[in-house]
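A.B. asks: I would like the atomic coordinates for the input below:
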Amino acid sequence: VQLQASGGGLVQAGGSLRLSCAASGRAFSTYYMGWFRQAPGKERDFVARISRSGGSITYADSMKGRFTISVDSAKNTVYLQMNSLKPEDTAVYYCAANRRWYGDVDYWGQGTQVTVSS
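C.D. replies: Numbers count the residues shown, from 1 in each chain. As a prediction, the model looks like this:
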């Protein structure tokens, strides 16, 4: 599975961004897709995960209400809509693919930088 993330950039606090993660490769339909982020000097943290059908979704508590994960199965693409962005949301955002819902990440995308200015 290959993952290509895009959509990052510089935005002012309160603004919005939508990240995309295009997936390719065999057996993609058997994976759960998600997003993680890593701020400078910090560990990589879970953001959200979604099933291929979109029927199962989970978020990190701190993301609920501002971030929305969605999937377009026909395009093999997962999105992360981020609203009301805060400077503390500044990080490299990585898309990820899991074979198991609560399992370790099996594949990582290359990351896309999100910078929120105050």
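A.B. asks: Every contact and neighbour count from this point should use C-alpha atoms.
C.D. replies: Noted.
A.B. asks: middle-most residue in the protein, spatially?
C.D. replies: Trp35 (2.6 Å; CA atoms, centre = their mean).
A.B. asks: So which elements touch the one helix or strand that residue maps to?
C.D. replies: Secondary structure assignment for Trp35, by DSSP states H and E: strand 32-38. Applying 3 or more CA pairs under 8 Å, 6 or more residues apart in numbering; DSSP states H and E, one finds that strand 32-38 contacts strand 44-50, strand 77-82, strand 91-98.
A.B. asks: Can you convert those into TSV and add a column each for mean neighbour count?
C.D. replies: Below are these laid out as TSV (neighbours: other CA atoms under 10 Å):
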stretch	mean neighbour count
strand 44-50	21
strand 77-82	21
strand 91-98	25
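A.B. asks: what would those look like in a markdown table with mean pLDDT?
C.D. replies: As requested, the helices and strands packed on strand 32-38 are exported to a markdown table (pLDDT from 0 to 100):
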| stretch | mean pLDDT |
| --- | --- |
| strand 44-50 | 96 |
| strand 77-82 | 96 |
| strand 91-98 | 96 |
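A.B. asks: which stretch among these comes nearest Ser20?
C.D. replies: With CA to CA as the criterion, Ser20 lies closest to strand 77-82 of the helices and strands packed on strand 32-38, at 4.5 Å.
A.B. asks: Does anything pack onto the closest one? Which helices or strands?
C.D. replies: Judged by 3+ CA pairs under 8 Å, 6+ apart, strand 77-82 is in contact with strand 17-24, strand 32-38, strand 67-72.
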